[in-house]
Structures are given as C-alpha cells and as structure tokens.
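In: The sequence and its predicted three-dimensional model are supplied below.
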Amino acid sequence: MIGLFDGLHLGHMSAVNELLRCEGKKIVYTFNSATVFTKGARKLLMTDCEKREMLLSLGVDEVISEDFNDIKDMSGWEFLKSVILARLKASKIICGEDFRFGKNAHAGAAELKKYCKELGIKLSLVPYMCLDGEPISRQESGHFWRAEIFLRQTDC
C-alpha cells in the first residue's frame, strides 16, 4: 500500500482493509512527513510515529517511511521499477484512485495501470469514499475539523 497518509481517515482504512486481505507480507510504503512539501500550509492529523503505531496495531507487518527527497526526482516508471518492484519486491500495489507519483506528481492512475501491467504487478485502486456526497479526504473537505470527523482509530 502506498501513500502519504497524513492521517488515517475512512478512505485510507478501506485501503488498509484490502491490504489485510492479501496473502504474504503486508507493507505500507509512506513518507516522512517532514520531508514532503505541499502547496500551502499543511497541518498533520497524526505524527509519523502515531501513523506507524496505528498501522501496525491494525495488522500491517511493516511500515516503511521513506525520506521523500530520496525519490522525488524519479520518474514514475523509475520509482515503480527500482523501489516498488526491485527493492520492495511488491507483487501488488494498493492505493487511492487519486494517487499521484513520479517527479512533480506527473503520473496518475492511467500511467500506474499501464506500468503495473508492463511490470507484472497487480493493482488495486481504492475508490473515493463519500459522506454527504463529499469525498472523505482532507484536501477535498478544506477544513481540518471536518477531516478529524473521518478518523477512526478502531479495527474496521
């Protein structure tokens, strides 16, 4: 499973639940929050330590928290081939349908599908979850307090 996860809302929990149904080692690949820069101010919903502990408590076997600076200049293809396939030896990727990757977030779902097919990696794009007709995500809600509502700290 790949993503930033600056909090674990119900949409993220859907991806975690899918990961837990998979055979083999269950790995979450994420980034050290301090090394990721976004447009505008960003307030974390949980620390990297809290994120790691919560994921492990849910049944994830390993949480890899990468320094974003180590991969930010890679193309999407290079990232998948050298990190996900060669280093992590992943046979399946689980991520949100809005996942962006590669230098300057150049690649998205269409490229991910194409690359995974070429590399022989299974792919599961987790669809948006909605509440009151709005996607459950911090970016879409625009309000920190609203994002907190969607956090669930229990096993789903």
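Out: Yes, it's here.
In: Return the residues in contact with Glu78.
Out: Counting by CB atoms under 8 Å, 6 or more residues apart in numbering, Glu78 touches Gly102. For every residue, glycine as well, the C-beta is placed using N, CA and C.
In: Do a quick rundown of the strands in this protein.
Out: Counting by DSSP state E, the segments of the chain that form strands are 27-31, 62-66, 92-96, 122-126, 130-131, 134-135.
In: and of the ones you listed, who's closest to Leu85?
Out: Of all these, strand 92-96 sits nearest to Leu85, with 9.7 Å by CB to CB.
In: And the helices in the protein, which stretches?
Out: For the chain, applying DSSP state H gives helices covering 10-20, 48-58, 76-78, 109-119, 138-141, 144-149.
In: Return the most buried member of these.
Out: Of these, the one with the most neighbours on average (mean count of other CB atoms under 10 Å) is helix 10-20, at a mean of 19.
In: Next one: the nearest residue to Cys22 once chain neighbours are set aside from Leu19, what distance?
Out: Excluding the flanking residues, the one nearest Cys22 by CB to CB, 6 or more residues apart in numbering is Lys92, at 6.3 Å. Relative to Leu19, Lys92 is positioned 9 Å away (CB to CB, to the nearest Å).
In: Good, wrapping up.
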